[in-house]
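S.K.: Predicted model and sequence below, questions to follow.
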Amino acid sequence: SKQRQSSSVGQRAPVPDLDRTALLGIHDYWNVMRGHYAPFEQGVTSGSTDVFDHEMPGGQYTNLMFQSQSMGLASQWPAVKLAYAEANKLLGDIVKVTPSSKVVGDLAQFMVTNKLSKEEVVEKAGELDLPLSVVEFLQGQLGQPEGGFPEPLRSRVLAKAQLEPITGRPGKDMVPVDFKTLGEELRGKWGYLAKDGIQISDADVI
């Protein structure tokens with residue numbers, strides 16, 4: 001058996017070579033704790049098979065639900081989930097982890113708010129003010145997705161934003177940090193705290 005809202009094995013599931021009495025105590029403890037955390041949840045009390053349609057990461061589900069509510073899209077949550085699947089396809093069916101999953105969520109909410117289909121996003125990409133996270137993703141600031149970026153969406157978005165695509169690892173051209181100089185600057189700025197026993201350590205600099 002599985003724990004609700006989770007792919008984890010439930011505390012009451014058969015577990016070999018463990019003290020089941022102790023396990024039941026842990027189960028009962030967390031049952032009570034869930035009640036304390038209930039005010040902070042989004043009303044999601046069970047899993048749903050539509051995850052196979054929208055493929056939204058579990059950790060993002062309630063966050064995006066809350067964001068949608070704050071944007072006035074609470075009544076359109078089913079539409080946001082459908083748009084999430086469409087946005088994911090638009091962006092190339094990418095691996096969805098933080099922060100790439102946020103890009104998909106931002107585009108999904110944009111599509112619902114502006115009543116845009118997947119085809120209309122591509123068609124109007126050269127004139128739409130897409131979320132910054134989407135523009136940065138298509139520029140290459142999160143790296144290069146497997147299979148490359150979707151075209152002509154990328155070219156149209158970057159042309160409107162007047163941005164050049166990043167073709168390699170985003171951070172490879174960054175200037176290395178000079179920690180020695182940075183440490184001297186910090187100690188020069190905050191050195192007066194030494195009279196109170198506060199020293200700027202190398203760990204603080206890092």
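M.R.: Received it, and whenever you're ready, just let me know what you need. All of these numbers come straight from a predicted model, not from anything done at the bench.
S.K.: Who are the contact partners of Val51?
M.R.: With Cβ atoms under 8 Å, 6 or more residues apart in numbering as the criterion, the residues that contact Val51 are Gly58. Where you see a C-beta, it was placed from the backbone N, CA and C, and this is true even at glycine.
S.K.: C-terminal to the worst-scoring helix or strand of the chain on mean pLDDT, what's the next element?
M.R.: Lowest on mean pLDDT, DSSP states H and E among the helices and strands of the chain sits helix 20-37, with a mean of 84. As assigned by DSSP states H and E, the chain's next helix or strand after helix 20-37 is helix 51-54.
S.K.: for that following helix, which positions count as buried?
M.R.: Along helix 51-54, the positions that meet the burial threshold by neighbour count (16 or more other Cβ atoms under 10 Å) are His54.
S.K.: Of all the residues in the least confident helix or strand of the chain, which ones are buried?
M.R.: Of the residues in helix 20-37, none is buried under the neighbour-count criterion (16+ other Cβ under 10 Å).
S.K.: same deal with stretch 71-87?
M.R.: In stretch 71-87, residues buried by neighbour count (16+ other Cβ under 10 Å) are 73, 76, 79-87.
S.K.: So what's the residue count around Ala159?
M.R.: Neighbours of Ala159 under the rule other Cβ atoms under 10 Å: 12.
S.K.: Could you grab the helix/strand/coil label for Leu128?
M.R.: Remark: Leu128 carries the secondary structure label coil [criterion: DSSP: H, G, I helix; E, B strand; the rest coil].
S.K.: my guess is it contacts Val121, does it?
M.R.: Yes: if you go by Cβ atoms under 8 Å, Leu128 and Val121 touch, sitting 7.0 Å apart.
S.K.: Which of the two has more residues huddled nearby?
M.R.: Between Leu128 and Val121, counted using other Cβ under 10 Å, Val121 has the larger neighbour count: 23 against 17.
S.K.: now that one, nearest residue through space, not along the chain?
M.R.: Leu90 (5.9 Å; Cβ to Cβ, 6 or more residues apart in numbering).
S.K.: now swap in Leu82 and tell me
M.R.: His54 (7.1 Å).
S.K.: related to what we said a few turns ago, off-centre distance for the least confident helix or strand of the chain?
M.R.: A distance of 29 Å separates the C-alpha centroid of helix 20-37 from that of its chain, computed with Cα atoms, centre = their mean, to the nearest Å.
S.K.: Stretch 54-61 now?
M.R.: Centroid separation for stretch 54-61 versus its chain: 9 Å, with Cα atoms, centre = their mean.
S.K.: what about it, start to end distance?
M.R.: 10 Å (Cα to Cα, to the nearest Å).
S.K.: which of the residues in that stretch are buried?
M.R.: Under the neighbour-count criterion of 16+ other Cβ under 10 Å, stretch 54-61 has 54, 56-57, 60-61 buried.
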